[in-house]
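> requesting a structural model of the entry that follows:
(one chain, ligands or ions: 1)
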Amino acid sequence: MVVSICLAIALVAEILFSRSKLQQAREENQASQTALADLQARYSLEQQEVAQRQDALFDHMVEGVVILDGQGRIRLVNAAMRELFGITVDVRGKRLIEAIRSHEIQEIVNEATDKGHVTGRDLVIAAAAETKYFAVNASSYEESEAEAGGIVILHDLTTFRQLESGRREFVANVSHELRTPLSMIKGYVETLIEGNVNDPSLQSRFLGKIQKHSDRLTYLIEDLLALSQLESNQIALSPADVPLQALVSRVFDDLQDKAEERGVSLSAAFEDDLSVWVDADRIIQVLQNLIENGIKYGRPEGQVLVRAKLGEDRFVVVTVFDDGPGIPAEARDRVFERFFRVDKARSREQGGTGLGLAIVKHIVQTHGGRVWLEQGDEQGTAFSFTLPAQSSVQCTEYS
Ligand code: ADP
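Reported below is the predicted structural model:
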């Protein structure tokens, strides 16, 4: 009997012990499941963050990128590509041609699928606003054992091409501008050498022409050098406080003979003590170009007037007016371009290089100012530009 009781107690104890073991095992299992779930949640959060970072990187790429799956359907397309092709809806899963409607790109993708990759293929997209130029690279990648996906990257070369065509146009213009006076000089010299001109008055007229065209070449080369130095920032300004009156008077003196030849009167209207913080030589060049244009292209017996006032943000606004025929509306946006002339023959006859206003714009901008053609009435022309006011004006306003 005692033995059976002992056995029963031992059995109960063992059952209780096993139960507590089971409970402990259950708790441990629960804890490791919770830890596993935590780990999984953390991993998926990290995965999400990585995917977000990759998406952001992909979307911020300046190149247009599209990734295709093994069946030629769009898997991913970045913001640059969407903007380029005006894609506003979700195109994932669509065929490339449905989404971007470019047979050229589709052909490049097909070629990349055959050959493995295609590099630097030229692509021109003529849009209403502007024609864009691209270099297209495409590669295929192994999507699965049986299928190859594709990556297409579009590098925008538009700015580069525009610069290149601007440079070509500039070289062509310079060559033309140099050749014209040179061939005139050559023509007059040949006539003189061949002795066809025996009349001394004709000889002196021819020599006068040679001198005029040599001067034109000199002005052109000086203007080209000035422009090239300004454009490559080779000119260091030496600014100082200068009374504007002194600069304008100096230019009026220099141009007095030219003005008298055309019967043009020169006048200024601004406060005597108005001073500017500028490189005097450079601003003389600006005033000279604008006032001389007023004399050359303005009305004979007309007027050129320089006004100035202290404007906003510690800048002085200077305006050069003339009462000539003005600049036609269709030419207004182009007058600051190199070699642009409203009337080519008139500009040449006046010894113009077509570079004066481009130089004005550069010098003013180098001083932190801006230059523009006033909207004005039909009659007359008014060019305005801003210059930093004298340093004491700046100090007063800062204090
Ligand atoms: P240019 O050496 O030919 O004078 P600019 O760059 O100074 O070159 O001027 C460009 C063109 O703008 C001129 O050829 C002329 O046709 C026009 N222009 C400039 N200033 C005036 C003005 N005050 N009135 C009318 N046309 C002007």
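
> contact partners for the residue of the stretch 101-250 of the chain found nearest the ligand?
Closest residue of the stretch 101-250 of the chain to the ligand, CB to the nearest ligand atom: Asp223 (7.7 Å). Where C-beta positions appear, they are placed from N, C-alpha and C, glycine not excepted. By CB atoms under 8 Å, 6 or more residues apart in numbering, the residues touching Asp223 are Thr353, Leu355, Gly356, Ile359.

> tell me the pLDDT of the first one.
It refers to Thr353. Per-residue pLDDT puts Thr353 at 87.

> swap in the third one?
Turning to Gly356, the model gives it a pLDDT of 94.

> which ones are touching the residue lying closest to it once chain neighbours are set aside?
Distances taken as CB to CB, 6 or more residues apart in numbering put Asn289 closest to Gly356, at 4.1 Å, once the chain neighbours are dropped. When contacts are counted by CB under 8 Å, 6+ apart, Asn289 touches Gly356, Leu357, Ile359, Val360.

> the second one: what's it in contact with?
The contact partners of Leu357, by CB under 8 Å, 6+ apart, come to Asn289, Asn293, Val335, Phe336, Phe383.

> thought the third one was touching Trp372?
No - between Val335 and Trp372 there is no contact under CB atoms under 8 Å: 10.1 Å.

> ok, these two, which is more surrounded?
Ranked by neighbour count (other CB atoms under 10 Å), Val335 and Trp372 place Val335 first, with 20 against 15.

> ok, that one to Glu261 distance?
For Val335, the distance to Glu261 (CB to CB, to the nearest Å) stands at 24 Å.

> close to the ligand: what parts of the stretch 251-399 of the chain are there?
Within reach of the ligand by CB under 6 Å from any ligand atom, the stretch 251-399 of the chain has these residues: 289, 293-294, 297-298, 322, 324, 327, 335, 340-343, 347, 352-358, 381.

> name the nearest residue to Phe340, sequence neighbours excluded.
Arg334 is the one closest to Phe340 (CB to CB, 6+ apart), at 4.7 Å.

> one step back: can I get the contacts of Leu357 in a markdown table with secondary structure?
Shown next, in a markdown table, are the contacts of Leu357 (DSSP: H, G, I helix; E, B strand; the rest coil):
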| residue | secondary structure |
| --- | --- |
| Asn289 | helix |
| Asn293 | helix |
| Val335 | coil |
| Phe336 | coil |
| Phe383 | strand |
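
> quick one: average confidence on the lengthiest helix in the chain?
Assignment by DSSP state H gives helix 2-60 as the longest helix of the chain. Per-residue pLDDT values across helix 2-60 average out to 83.

> just use 116 as the starting number from now, easier for me
Understood, numbering begins at 116; the last thing we discussed is helix 117-175.

> what comes up buried for the helix or strand following it?
Downstream of helix 117-175, the first helix or strand assigned by DSSP states H and E is strand 179-183. Judged by neighbour count (16 or more other CB atoms under 10 Å), strand 179-183 contains these buried residues: Gly179, Val180, Val181, Ile182, Leu183.

> what does stretch 415-431 give?
In stretch 415-431, counting by 16+ other CB under 10 Å, buried: Gly417, Gln418, Val419, Leu420, Val421, Ala423, Arg429, Phe430, Val431.

> you'd agree the third one is in a strand?
When you say that, I think you mean Val419. Yes - applying three-state DSSP, one finds Val419 inside a strand.

> tell me the contacts of it?
Counting by CB under 8 Å, 6+ apart, Val419 has contacts Ala374, Val379, Ser380, Leu381, Ser382, Ile406, Gly409, Ile410, Gly413, Val435, Phe436, Asp437.

> could you do the first one as well?
Taking CB under 8 Å, 6+ apart as the definition of contact, the neighbours of Gly417 are Arg377, Gly378, Val379, Ser380, Asp437, Asp438, Gly439.
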